[in-house]
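Enquirer: just need the structure, nothing else, for what follows:
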Amino acid sequence: MTDAITIMFEPHANPVFGAPKMVKHEVAAINALRLLGYLSHNPDEFELVEKLRVTKSKARALLYQVALRKESTDKNELDELREVLTNPRIAVDGEFYLIEVPQPLTMDRLRHRIRRLGFLSDGSFSGSVARIKRPALAALIVELVPENEREQVIDRLRQAGYQGMDARSVIAAMLKKAGSKVAGQVGEDLAVNVGKSVTDLLTNA
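Expert: The predicted structure is shown next:
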């Protein structure tokens, strides 16, 4: 309780009483409510809408501000993206893979990574769902596999029957196979199948 109160009132005197902007008080309040257990450790926008009675756009803005104030390193960002991709459900829509990204700053980081890898993200991302083409997702997965383990992972995939000229094409073959519909399967089955394949690859690398 004392720690939560300290977090709540810290902005009032930093740098001087009455100087901080409203957003600093809002971020402090959210951090205090997380510490008290009223909000979960990593709340999404719906939780803020329900418990704080704010609009969806306000909730996303608050999540963005909280995330911006966390210490960030390249390793932390890669860990965030790995967590997003180790999702039990990745929906398939032809060449596209639909992945839920609850945190808005993580969505921006994902978009930036996709662009940096040489793919377009404009029009492929909407709200909290990233819509990524297979080649772009394969390239992203390659980047998320630790470099010192990449060759071993690709060798294992080739032994499992996935073929390609390089790491990206081998992983693209795995994604295509995981997302291939067979008799009796429904969309939910495909989502779970693809999600499990990607999760296994990233967590067992």
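Enquirer: contacts only, for the residue positioned nearest the centre of the chain.
Expert: Against the mean C-alpha coordinate of the chain, by Cα atoms, centre = their mean, the closest residue is residue 84 at 3.3 Å. Contacts for residue 84 were tallied using Cβ atoms under 8 Å, 6 or more residues apart in numbering; they are 99, 101, 106, 110. To be clear about C-beta, it is placed using only N, CA and C from the backbone, and glycine gets the same treatment.
Enquirer: separation between residue 192 and residue 167?
Expert: For residue 192, the distance to residue 167 equals 25 Å [Cβ to Cβ, to the nearest Å].
Enquirer: more crowded one of those two?
Expert: More crowded of residue 192 and residue 167, by other Cβ atoms under 10 Å: residue 167, with 19 against 15.
Enquirer: domains for the protein, by residue range?
Expert: Using automatic domain parsing, the domains assigned to the chain come out as 2-68, 74-203.
Enquirer: ends of the longest one, what's the gap?
Expert: In this case it means domain 74-203. Start-to-end span of domain 74-203 (Cα to Cα, to the nearest Å) is 19 Å.
Enquirer: please state the offset of that domain from the chain centre?
Expert: 11 Å (Cα atoms, centre = their mean, to the nearest Å).
Enquirer: where does this structure dip in pLDDT?
Expert: 1-20, 88, 122-126, 181-190, 205 (pLDDT under 70).
Enquirer: can you give me the strands for it?
Expert: 91-93, 96-100, 125-126, 129-133 (DSSP state E).
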